[in-house]
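A.B. asks: turn this into a model:
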Amino acid sequence: MRIRAALVETAGGPFTIRDIDLEPPRSDEVLVRITAAGICHTDLTMRRRWPARISPMVFGHEGAGVVEAAGDAVTSVAAGDTVALSYRSCGSCELCRGGHPAYCLLSDLNMRGTRADGSSPLSSGGDRVFGNFFGQSSFATHVLAYESNIVRMPAGLSPSVAAPLGCSVQTGAGTVLNVLRPAPGDTVIVFGAGSVGLSAVMAAVSLGCEVIAVDPVPARRELAVSLGATSTALGTDPKTADHAIDTTGRADVIAQALGLLRRRGTLALVGLGGKAEIDIMTVMYNGLRIRGVIEGDAAPATFLPQLVDLHRLGRLPVERLVTEYPFDAIETAASDAAAGKVVKPVLTFG
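C.D. replies: Next up is the predicted model:
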């Protein structure tokens with residue numbers, strides 16, 4: 001079928017919307033008409049460094065939409081279902097079977113630019129177009145997804161709310177609810193008040209925690225407070241937090257976070273970054289834990305419905321993070337996101 005998709009043709013190049021061709025779904029695939037797609041920091045990071053050998057590429061991994069067709073082997077969704085899309089996992093390795101698909105031993109399925117067999121369902125004028133990003137490539141009017149990364153959503157839920165659940169909200173909220181699991185009254189410091197950080201803020205507030213949100217942008221600090229953060233200032237107590245979450249990936253912020261933890265506190269590393277130096281004696285002497293977290297260590301099939309329930313109860317008002325853009329304005333949305341003008345840009349499709 002003929003679809004419209006946003007292609008990135010060279011590393012660091014713009015999103016260019018073009019008409020391309022999409023194959024019908026195979027037996028294990030689901031055809032989804034996209035109604036909304038969030039733009040995530042990962043999309044913009046990978047756009048800058050994507051290899052030429054697997055270009056042009058269609059990114060996007062926070063899709064929401066309606067199932068139009070499903071392959072014969074698909075049993076969990078059917079045509080007409082409203083769905084959200086998340087990351088892909090194999091479903092059969094020891095980590096998937098153990099309930100931790102975010103650490104799937106075949107997690108590179110999300111980044112290959114192709115199906116597992118090396119093929120691509122996308123083409124343009126007979127030339128191959130790469131996609132299958134996180135098992136979806138949702139910067140397009142239609143995508144092929146899989147049972148492992150597709151979750152049914154209530155029909156009445158706004159697509160602009162459903163879309164970010166698949167990555168940024170899942171990552172932030174899951175870091176709190178699945179990994180840190182703070183007790184009511186615990187102090188949680190969140191470094192970076194973007195969509196991941198603010199999702200963590202909302203989740204921690206829902207558990208009755210004292211939350212400090214740290215961000216250089218005044219508007220984001222104000223939004224954090226309006227979402228329930230008790231402070232945006234660190235104060236003078238050097239040992240103030242039971243838990244800390246870094247969404248920045250910056251070495252100086254990570255060092256600062258470690259210095260603020262109480263004994264036996266935990267630092268969750270969520271942001272993409274490079275290398276950081278850690279004072280081993282500080283970690284040892286205080287019994288600190290440092291935990292890397294991908295996708296909130298969440299299984300989308302069970303965790304996304306929990307997030308929907310929290311939203312329904314008013315404890316996870318995702319819509320307050322969202323700024324909508326029409327699909328044709330994807331490059332403007334990406335620029336605004338990179339400049340920090342908006343928290344969570346979401347593309348909408350007519």
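A.B. asks: which stretches in the stretch 51-200 of the chain count as strands?
C.D. replies: Secondary structure of the stretch 51-200 of the chain (DSSP state E, counting those that start in this stretch): strands at 57-58, 63-70, 82-85, 122-124, 127-129, 142-146, 150-152, 187-191.
A.B. asks: same list (these) but as JSON lines, adding mean neighbour count and mean pLDDT.
C.D. replies: (C-beta placed from N, C-alpha, C; glycine too.) Shown next, in JSON lines, are the strands of the stretch 51-200 of the chain (neighbours: other C-beta atoms under 10 Å; pLDDT from 0 to 100):
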{"stretch": "strand 57-58", "mean neighbour count": "28", "mean pLDDT": "98"}
{"stretch": "strand 63-70", "mean neighbour count": "23", "mean pLDDT": "98"}
{"stretch": "strand 82-85", "mean neighbour count": "27", "mean pLDDT": "98"}
{"stretch": "strand 122-124", "mean neighbour count": "18", "mean pLDDT": "97"}
{"stretch": "strand 127-129", "mean neighbour count": "16", "mean pLDDT": "97"}
{"stretch": "strand 142-146", "mean neighbour count": "25", "mean pLDDT": "98"}
{"stretch": "strand 150-152", "mean neighbour count": "24", "mean pLDDT": "98"}
{"stretch": "strand 187-191", "mean neighbour count": "27", "mean pLDDT": "97"}
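A.B. asks: could these go into JSON lines alongside distance to Val253?
C.D. replies: As requested, those are arranged in JSON lines below (distance: least, C-beta to C-beta, whole Å):
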{"stretch": "strand 57-58", "distance to Val253": "30"}
{"stretch": "strand 63-70", "distance to Val253": "30"}
{"stretch": "strand 82-85", "distance to Val253": "30"}
{"stretch": "strand 122-124", "distance to Val253": "38"}
{"stretch": "strand 127-129", "distance to Val253": "38"}
{"stretch": "strand 142-146", "distance to Val253": "35"}
{"stretch": "strand 150-152", "distance to Val253": "32"}
{"stretch": "strand 187-191", "distance to Val253": "5"}
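A.B. asks: any idea which of those strands gets closest to Glu319?
C.D. replies: Closest to Glu319 of those is strand 63-70 (C-beta to C-beta; 13.1 Å).
A.B. asks: closest to Leu109 out of the strands of the stretch 51-200 of the chain?
C.D. replies: Nearest to Leu109 among the strands of the stretch 51-200 of the chain is strand 142-146 (9.1 Å), distances taken as C-beta to C-beta.
A.B. asks: let's see the closest one as PDB, backbone CA atoms only.
C.D. replies: Below are the C-alpha coordinates for strand 142-146, written out as PDB (Å, rounded to 0.1, in the frame of the first residue of the first chain):
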ATOM      1  CA  HIS A 142       0.700   3.300   8.600                       C
ATOM      2  CA  VAL A 143       3.200   0.900  10.200                       C
ATOM      3  CA  LEU A 144       3.800  -2.800  10.700                       C
ATOM      4  CA  ALA A 145       4.100  -3.800  14.400                       C
ATOM      5  CA  TYR A 146       4.200  -7.100  16.400                       C
END
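A.B. asks: between that strand and strand 63-70, how big is the angle?
C.D. replies: Orientation check (axes from the mean of the first three to the mean of the last three C-alpha atoms, to 10 degrees): strand 142-146 against strand 63-70 gives 80 degrees.
A.B. asks: closest to Ile20 out of the strands of the stretch 51-200 of the chain?
C.D. replies: Of those, the one closest to Ile20 (C-beta to C-beta) turns out to be strand 122-124, at 4.4 Å.
A.B. asks: if you count contacts, what does the closest one end up packed against?
C.D. replies: strand 16-22, strand 127-129 (3 or more C-beta pairs under 8 Å, 6 or more residues apart in numbering; DSSP states H and E).
A.B. asks: find the nearest non-adjacent residue to Ala70, please.
C.D. replies: Leaving aside its sequence neighbours, Ala70 sits nearest to Val30 (C-beta to C-beta, 6 or more residues apart in numbering; 4.8 Å).
A.B. asks: just to revisit the earlier point, nearest to Glu94, out of the strands of the stretch 51-200 of the chain?
C.D. replies: Among these, strand 142-146 comes nearest to Glu94, with 19.6 Å by C-beta to C-beta.
A.B. asks: contacts made by that closest one with the rest, please.
C.D. replies: The contact list for strand 142-146 (C-beta atoms under 8 Å, 6 or more residues apart in numbering) reads 1, 3, 22-23, 25-26, 28-34, 60, 63, 65, 68, 83, 85, 88, 121, 131-132, 135-137.
A.B. asks: got a pLDDT number for Leu272?
C.D. replies: Looking at Leu272, its pLDDT is 88.
A.B. asks: is it in contact with Gly249, as I believe?
C.D. replies: Yes - Leu272 lies in contact with Gly249 (C-beta atoms under 8 Å); the separation is 4.9 Å.
A.B. asks: neighbour count winner among those two?
C.D. replies: Counted by other C-beta atoms under 10 Å, Leu272 and Gly249 do not tie: Gly249 has more neighbours, with 18 against 12.
A.B. asks: state whether that one is indeed within a strand.
C.D. replies: No - Gly249 is assigned coil when assessed by DSSP: H, G, I helix; E, B strand; the rest coil, not a strand.
A.B. asks: strands of the stretch 201-350 of the chain, residue ranges please.
C.D. replies: Here the stretch 201-350 of the chain has its strands, by DSSP E, counting those that start in this stretch, at 210-214, 241-246, 261-269, 289-292, 322-326, 344-348.
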